[in-house]
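Undergrad: Based on what follows, work out the 3D shape:
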Amino acid sequence: MKQFKNPESVHFPLAAYTHQIEITEPKRWLVLSGQIGMLTDGTLPDDPIEQFKVTLENIHKNLQAADMDIQDLVKVTTYLVGEFDTEKRREVSAEWLKDHRPCSTLIYVAALATPAIKVEIDAWACK
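TA: Down below sits the predicted model:
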């Protein structure tokens with residue numbers, strides 16, 4: 001069972017996330033390695049927002065392969081390199097998550113595995 005909580009003693013979440021998720025008696029956990037915006041043909045879009053979209057699609061495909069869905073996500077950590085259109089990123093994220101609010105951390109880093117990669121997201125899911 002997952003209980004999504006935002007304690008009144010902590011500020012309201014600033015974006016599409018929940019401060020804490022208490023998990024009791026989980027049946028299954030899925031831990032995803034950092035996913036990047038690489039298409040199945042091995043190419044990376046040049047545009048960082050397009051990479052972000054593909055990264056989210058790759059997370060969803062991993063969840064589906066484990067018979068899970070976005071609602072099973074409990075923790076997402078996003079690593080970004082360089083300039084990102086914050087409003088567009090939030091819009092894409094909100095569209096992808098719909099009303100689901102996993103715990104979330106966003107980190108800007110100097111670089112990822114190769115210079116072409118502008119976004120990487122790792123995630124935890126529980127069902």
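
Undergrad: Next SSE downstream of the biggest helix by length in the chain?
TA: Of all the segments of type helix in the chain, defined by DSSP state H, the longest one is helix 48-65. Next along the chain after helix 48-65, taking DSSP states H and E as the criterion, comes strand 73-81.

Undergrad: Tyr108: helix or strand, and which one exactly?
TA: Going by DSSP H and E, Tyr108 is in strand 103-109.

Undergrad: who does the helix or strand just after that strand pair up with?
TA: Remark: after strand 103-109, the chain's next helix or strand is strand 119-126, criterion DSSP H and E. When pairing is defined by DSSP bridges, strand 119-126 lines up against strand 29-36 (antiparallel), strand 73-81 (antiparallel).

Undergrad: ok, residues contacting strand 119-126?
TA: 2, 23, 26-37, 48, 51-52, 55-56, 59, 63, 66, 68, 72-81, 84, 102, 112-113 (CB atoms under 8 Å, 6 or more residues apart in numbering). Backbone N, C-alpha and C define where each C-beta goes, glycine included.

Undergrad: Mark which of those residues are buried, thanks.
TA: When those are checked for burial by 16 or more other CB atoms under 10 Å, the buried set is 2, 30, 32, 34-37, 48, 51-52, 55-56, 59, 63, 68, 72-76, 78-81, 84, 102, 112.

Undergrad: Poorly predicted segments of this protein, please.
TA: Scanning the chain for pLDDT under 70 picks out the ranges 26.

Undergrad: Tell me the spacing between the spatially most central residue of it and Ser93.
TA: Among the residues of the chain, the one closest to the centroid is Val76, at 4.2 Å (CA atoms, centre = their mean). Val76 is 9 Å from Ser93, where distance means CB to CB, to the nearest Å.

Undergrad: Could you do Lys118 as well?
TA: Distance, Lys118 to Ser93, using CB to CB: 15 Å.

Undergrad: out of the two, which sits in the more crowded spot?
TA: Applying other CB atoms under 10 Å to Lys118 and Ser93 shows that Lys118 carries more neighbours, namely 25 against 19.
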